[in-house]
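Student: Okay, structure incoming, though there's no sequence with it:
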Ligand SMILES: Nc1nc2c(ncn2[C@@H]2O[C@H](COP(=O)(O)OP(=O)(O)OP(=O)(O)O)[C@@H](O)[C@H]2O)c(=O)[nH]1
Ligand SMILES: [Mg+2]
C-alpha cells in the first residue's frame, strides 16, 4: 500500500527568518493556479490541508508543513497573477528569492508547470534563475487529466523541451485523478532522506 505524506500544517511566514530550523526541506513553487496546494493535498490524501481556490493568488505566504520525522515541505505563493500590483509582485519576488537562496535546509525545489498550458515565460525565467543560482530543482507537470490522451506524448515532449529538459526528467501528476502522486510522494521521501 503506498503511503501518503503525513503532512501537518505548522505555520505561515512572510519571511525566511520566521521559519523554524528543519533537518531537510522541499519547496513547491510555480505560477498561480498551477495546482501547488492541490498537489500537497493529494500527496497527503487530505482535502483541506492546503487551501485550494478558483481565485488565483490564494496562497500569499510561505506555508510550512511538517512530516512525522521533522522534515518539512513549503507551499509557496504563486507568481504570474496579472491582477496583483507591481509593488506586490516585487514583494513576492523578494520573499521567494530570499527564501530559495537563503534557506540552507532546501534539498529540492519542485517547479510546477501546468501540463495543459505548458511552460510560461515566467516559468522559463524561474528555471533559468534556478540554474544560474545552482539550486536543486525538479520539474513537475500538473493537471495530467486535462491533456487529451491523444495529445499526451507530444505534450510531454514539448513541455520538457520548453523547460530545457529531456522527456524522462519531467514528473507528470494529476491531483484530481491521483496520477503519479504516490510515486512523487516516494520521491519526496527519498529527497528528504538523502
Ligand atoms: N483538472 C485538474 N484541476 C486541478 C488539478 N490540480 C489543481 N486543479 C485546479 O486548479 C485550480 C488551482 O489549484 P490550486 O491548488 O489552488 O493552485 P495553486 O498553485 O496553489 O494556486 P495559488 O495558491 O494561487 O498560487 C483549482 O481550481 C484546482 O481545483 C488537477 O490535477 N486536475
Ligand atoms: Mg496555493
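Tutor: Noted; the coordinates are in hand. Computed from a predicted model, the values in this text were never measured in an experiment. Ligands and ions are numbered 1, 2, ... in the order given.

Student: from here on, contacts and neighbour counts on C-alpha atoms
Tutor: Noted.

Student: pretty sure residue 93 belongs to a strand, no?
Tutor: No. Counting by DSSP: H, G, I helix; E, B strand; the rest coil, residue 93 is not part of a strand but helix.

Student: how about residue 170, what does it touch?
Tutor: 138, 139, 140, 141, 160 (C-alpha atoms under 8 Å, 6 or more residues apart in numbering).

Student: Give the buried residues for the one helix or strand residue 124 maps to.
Tutor: Using DSSP states H and E, residue 124 maps to helix 121-132. Within helix 121-132, the residues scored as buried using 16 or more other C-alpha atoms under 10 Å are 123, 126, 127, 130.

Student: Quick check on the contacts of residue 170: which are buried?
Tutor: For the contacts of residue 170, buried by 16+ other C-alpha under 10 Å: 139, 140, 141, 160.

Student: Could you please name the strands the helix or strand where the first one lies pairs with and the direction of each pair?
Tutor: Assigned by DSSP H and E, residue 139 falls within strand 137-142. Strand pairing for strand 137-142, using DSSP bridges, gives strand 106-114 (parallel), strand 171-172 (parallel).

Student: Give me the distance between residue 139 and ligand 2.
Tutor: The gap separating residue 139 from ligand 2 is 17 Å, by C-alpha to the ion, to the nearest Å.

Student: Report how many residues lie close to the residue nearest to that residue when sequence neighbours are not counted.
Tutor: Residue nearest to residue 139 in three dimensions, not counting chain neighbours: residue 111, with 4.8 Å by C-alpha to C-alpha, 6 or more residues apart in numbering. Per other C-alpha atoms under 10 Å, the neighbour tally for residue 111 reads 22.

Student: what sits up against the helix holding residue 124?
Tutor: Helix 121-132 is contacted by residues 30, 31, 79, 80, 111, 113, 136, 137, 162, 163 when judged by C-alpha under 8 Å, 6+ apart.
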